[in-house]
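K.L.:
Provided below for reference: sequence and predicted model.
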Amino acid sequence: RKVPNGHTQPVTCAIYNPTFELVVSADESSLVRVWDLSTGRAILRFSNAHTNADGEPVKVSALTFDRTQRRLVTGAHNGTVKVWNFS
């Protein structure tokens, strides 16, 4: 089933956050979306989460949360890693 306002590029990874009951997904266009699990609605979006030196988007290839579930860690195909405050 296609979700309105979902990803338009192939999803590369997804992860569940039990603390906030949210799902985070990422795609090949470097778009990261946060979904409310109870409603299925997208509630947050990071466009161009990772970019190269020329400012072009880089595919997100990994997602995880720190042990407190309050920081999202994203990794990209070019080897970059970012930490996002999630609380």
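P.N.:
Perfect, thanks for sending it. Numbering: from 1, shown residues only.
K.L.:
what strands flank the helix or strand bottoming out on mean pLDDT in the chain, and is each parallel or antiparallel?
P.N.:
Lowest mean confidence among the helices and strands of the chain (mean pLDDT, DSSP states H and E): strand 42-46, at a mean of 92. Strand 42-46 has its sheet partners listed here by DSSP bridges as strand 32-36 (antiparallel).
K.L.:
flag every buried residue along the strand it pairs with.
P.N.:
32, 33, 34, 35 (16 or more other C-beta atoms under 10 Å). The way it works is simple: take the backbone N, C-alpha and C, and place the C-beta from them, glycine included.
K.L.:
and those residues, which is closest to residue 58?
P.N.:
Residue 58 has its nearest neighbour among the buried residues of strand 32-36 in residue 32, at 12.1 Å by C-beta to C-beta.
K.L.:
who touches the closest residue in space to that closest one that isn't next to it in sequence in this structure?
P.N.:
Leaving aside its sequence neighbours, residue 32 sits nearest to residue 46 (C-beta to C-beta, 6 or more residues apart in numbering; 4.2 Å). Listed by C-beta atoms under 8 Å, 6 or more residues apart in numbering, the contact partners of residue 46 are 31, 32, 33, 84.
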